[in-house]
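[1] Could you look at this predicted model? Sequence included:
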Amino acid sequence: MIQAPDLPGWAALIVALLVLAGATMTLIGSLGLLRFKTFYERVHPPTLGSTMGMALIVLGSIVCFSVLRARPSVHEILIGIFMTATTPIAFMLLARAALYRDRAEQGLEPRDGADRS
Amino acid sequence: MTTLMLAWVITVAQVMLGMAMLCVAYRLIMGPRAQDRVLALDTLYVNAMLMLLTFGIQTGRTLYFEATLIIALLGFVGTVALAKFLMRGEVIE
């Protein structure tokens, strides 16, 4: 299904560039998740999609809807704020859990990397 | 003319996001350990969210935006719960 909103030329160009760049970033991040060898390497690439890719596509959406409705439409920025706030928390918790599991498997005293006395 | 160009670009972007989701799905199924699968699940929901955003641009409706927001909220909660489960063996202590 090929369709697109009826935007003026300059806006269509901006939206197309932003969406394409965001999708490329996300694809690169997911390829990195596929190809890297260890878990600690694999934590890094997905953040390419969830920061840069997300920001570019959200920006494209903001431009598209602002031009389409002829008034500023910034509700997509909610997604941007939310993803920027939550991605580091989720991945940090996950990396700590992986660290804890690795240590427990090696027979060490399981610690999660946080400095607790 | 530019509308046709935009339509093609959005379709290409959706195909790329679909390929990204395929890569992530491979990691989700084959991932050697549980933390790899949780990481893949997190990336999968981000990719699905971005794809819904491109659908929203394509159709010009705000319906997709609301779905995107719900996916972002629930995906984060899911990842945190799974990470907690991997660490402690239970979600609510």
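    Received it, and whenever you're ready, just let me know what you need.

[2] need the helices for chain B, in chain order.
    Applying DSSP state H to chain B gives helices spanning B:2-30, B:34-59, B:63-88.

[3] the inter-axis angle of the first one versus helix B:34-59?
    Put plainly, it is helix B:2-30. In terms of direction (axes from the mean of the first three to the mean of the last three Cα atoms, to 10 degrees), helix B:2-30 departs from helix B:34-59 by 160 degrees.

[4] Averaged pLDDT, helix B:2-30. What do you get?
    Averaging pLDDT along helix B:2-30 gives 92.

[5] Format the helices of chain B as TSV; extra columns: distance to chain A and mean neighbour count.
    To be clear about C-beta, it is placed using only N, CA and C from the backbone, and glycine gets the same treatment. Converted to TSV, the helices of chain B look like this (distance: least, Cβ to the nearest Cβ, whole Å; neighbours: other Cβ atoms under 10 Å in any protein chain shown):
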stretch	distance to chain A	mean neighbour count
helix B:2-30	4	19
helix B:34-59	4	23
helix B:63-88	4	17
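
[6] which residues touch A:Ile81?
    With contact set as Cβ atoms under 8 Å, 6 or more residues apart in numbering or on different chains, A:Ile81 has no partners.

[7] Now do the strand or helix carrying it against helix B:34-59, angle only.
    A:Ile81 is located in helix A:77-105, with elements delineated by DSSP states H and E. Relative orientation of helix A:77-105 versus helix B:34-59 (the same axes, to 10 degrees): 170 degrees.

[8] So for helix A:77-105, what gets flagged as buried?
    A:79-80, A:83, A:86-87, A:90-91, A:93-101 (16 or more other Cβ atoms under 10 Å in any protein chain shown).

[9] Within reach of chain B, which of these are there?
    A:79, A:83, A:86-87, A:90-91, A:93-94, A:96-98, A:100-101 (Cβ under 8 Å from any Cβ of the partner chain).
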